[in-house]
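Trainee: mind looking at a prediction? Sequence and model below.
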Amino acid sequence: MPAARSSQGLATSRARHLPEGPGELLRDRREEVYAALSEKNLVPRVLLQDSGTRVPLPDASVQLVVTSPPYPYVEMWDGLFEAALGMSPGTMSRDPSRLSEIHRHLARTWRECARLLQPGGILCVNIGDATRSVAGEFRLFPNHAHVVQTCEELGLVSLVPILWKKPTNKPNSFLGSGFAPPNAYVTLDCESILVFRKGGRRTIPPHDVLRAASQFSKVERDTWFSQVWTVRAARQDDGHATFPEEIPRRLIRMFSLLGDTVLDPFAGTGSTLRVARRLGRRPVGIECDPALVEPLRKELPERPPDLDEVLDALLSQYAAVRGP
Ligand SMILES: C[S@@+](CC[C@H](N)C(=O)[O-])C[C@H]1O[C@@H](n2cnc3c(N)ncnc32)[C@H](O)[C@@H]1O
């Protein structure tokens, strides 16, 4: 019956446009994906340097940056900024006026990212604002606003940012004067994940098999492309701030293709790099702390990965469809 045939056809074409995930495609076209991926450079690289100085990589050689810098006026990073900017120890506890100067220091890295990104490439910056009493006065240090201003001045285009809400088991962290207005403070419980693009949309040849094999499922799309993400923070043993892997996993799947190069210019313990490798992207990290670089280089040696291992790892990532 023609009517039944045409509704079946419609169902098939809908299914094509609302994929339940790329696992099936990857299994069906594994050889094609393997061949396309073998043309890409997937050799990891970890550089020990200040990411605000010239990075030994060519212009336009990176498709995605996923990073989280040290946060200005968050106490754990005071020493790093004071040393880098020649301030005397304790300056940031006494003087609230140094925020722009610190962001000019971080701007050197954003400038380098803008150079390294290919046209249409994406920069994702996770940054928290800081709340703190400095010189006896409680206030907010709006770090996200400084990064937005810097990146726009560098010619990057702002896209809709993500608000990362960290659920907490701590009792209500209300600060202020009991139940009477006006001197209480709103709790700071979200960080920003700012998203910028270098120029217009990235162009990709039609029917690119690596793009097809990089699709997300409907559940993933509905969760990841909404503006508020509720993701528990990773534990910080040894004092280092680390990304929960769910954050780079989402960003890398949302904004890059299999075979792309993903850069983290503040690599830290390497969460972005680890996830990038697992997702069949080339991880490139920059970190200025030698104690962190050494284990990262061991974990991510500079040699091409076994592509069968890459595809198997990817299939197991795709198998774990993540809901809200
Ligand atoms: C917030 S942590 C990054 C955490 C990382 N996302 C993770 O999951 O481990 C910031 C890192 O940037 C590094 N860093 C600070 N300034 C730097 C610079 N100018 N160049 C390179 N690395 C820098 C610090 O040593 C620290 O490891």
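Mentor: Perfect, thanks for sending it. Residues are numbered from 1 along each chain as shown.

Trainee: neighbouring contacts of stretch 151-168?
Mentor: Stretch 151-168 has contacts (CB atoms under 8 Å, 6 or more residues apart in numbering) with 107, 110-111, 114, 122-123, 125-126, 144, 148, 189-199, 227-233, 247. Bear in mind the C-beta positions are built from the backbone N, C-alpha and C, glycine included.

Trainee: is the ligand within reach of it?
Mentor: No. Using CB under 6 Å from any ligand atom, stretch 151-168 stays clear of the ligand, with a minimum separation of 12.5 Å.

Trainee: and that stretch, how far from the chain's centre?
Mentor: Centre-to-centre, stretch 151-168 and its host chain are 10 Å apart (CA atoms, centre = their mean, to the nearest Å).

Trainee: try stretch 273-292
Mentor: Centroid separation for stretch 273-292 versus its chain: 12 Å, with CA atoms, centre = their mean.

Trainee: same check on stretch 133-146?
Mentor: 24 Å.

Trainee: show the end-to-end separation of that stretch, please.
Mentor: 20 Å (CA to CA, to the nearest Å).

Trainee: list of residues touching it?
Mentor: The contact list for stretch 133-146, computed with CB under 8 Å, 6+ apart, reads 71-73, 92-96, 99-100, 103, 127-132, 161, 175, 185, 188, 192, 194.

Trainee: any quick PyMOL command for the buried ones out of those residues?
Mentor: In PyMOL syntax, the buried subset of these is picked out as below (16 or more other CB atoms under 10 Å):
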select buried, resi 71+72+73+92+99+103+127+128+129+130+131+161+192+194
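
Trainee: restricted to strands, list the contacts of stretch 133-146.
Mentor: Using DSSP state E, 127, 130-132, 161, 192, 194 are the members of the contacts of stretch 133-146 that sit in strands.

Trainee: ok, Arg211 touching Gly259?
Mentor: No. Under the criterion of CB atoms under 8 Å, Arg211 lies out of contact with Gly259, with a separation of 9.8 Å.

Trainee: list the buried ones in stretch 29-47?
Mentor: By neighbour count on 16+ other CB under 10 Å, the buried set for stretch 29-47 is 29, 33, 36-37, 40, 42, 44-47.

Trainee: close to the ligand, is that stretch?
Mentor: No. Using CB under 6 Å from any ligand atom, we find that stretch 29-47 stays clear of the ligand, coming within 8.7 Å at best.

Trainee: let me see the residues that make contact with that stretch.
Mentor: By CB under 8 Å, 6+ apart, stretch 29-47 touches 26, 55-56, 208-210, 212-213, 258-261, 267, 270, 273, 277, 280-287, 293, 296-297, 300-305, 307-308, 310-311.

Trainee: which among those end up buried?
Mentor: For those, buried by 16+ other CB under 10 Å: 26, 55, 209-210, 212-213, 258-261, 267, 270, 273, 277, 280-287, 293, 296-297, 300, 305, 307, 310-311.

Trainee: out of those residues, which are close to the ligand?
Mentor: Near the ligand, by the rule CB under 6 Å from any ligand atom, you find 286-287 out of these.

Trainee: out of the buried ones among the contacts of stretch 29-47, list just those in strands.
Mentor: Judged by DSSP E, the subset of the buried ones among the contacts of stretch 29-47 located in strands is 261, 282-287.

Trainee: out of those residues, which is nearest to Ala83?
Mentor: Ranked by distance to Ala83 (CB to CB), these are led by Glu287 at 15.8 Å.

Trainee: nearest residue to the closest one in space, please, no chain neighbours.
Mentor: Ala267 (4.1 Å; CB to CB, 6 or more residues apart in numbering).

Trainee: so that neighbour makes contact with Asp289?
Mentor: No. Using CB under 8 Å as the test, Ala267 is too far from Asp289 to be in contact (9.2 Å).

Trainee: what sits in contact with each of those two?
Mentor: Contact criterion CB under 8 Å, 6+ apart; residues shared by Ala267 and Asp289: none found.

Trainee: identify each buried residue in the one helix or strand Arg139 maps to, please.
Mentor: Assigned by DSSP states H and E, Arg139 falls within strand 137-141. The neighbour-count check on strand 137-141 (16+ other CB under 10 Å) flags Phe141 as buried.

Trainee: next SSE downstream of that strand?
Mentor: Strand 137-141 is succeeded, C-terminally, by helix 143-153 (DSSP H and E).

Trainee: pull the distance from that next one to the chain's centre.
Mentor: For helix 143-153, the distance to the chain centre is 16 Å (CA atoms, centre = their mean).

Trainee: what is the neighbour count of Leu48?
Mentor: 16 (other CB atoms under 10 Å).

Trainee: thanks a lot, catch you later.
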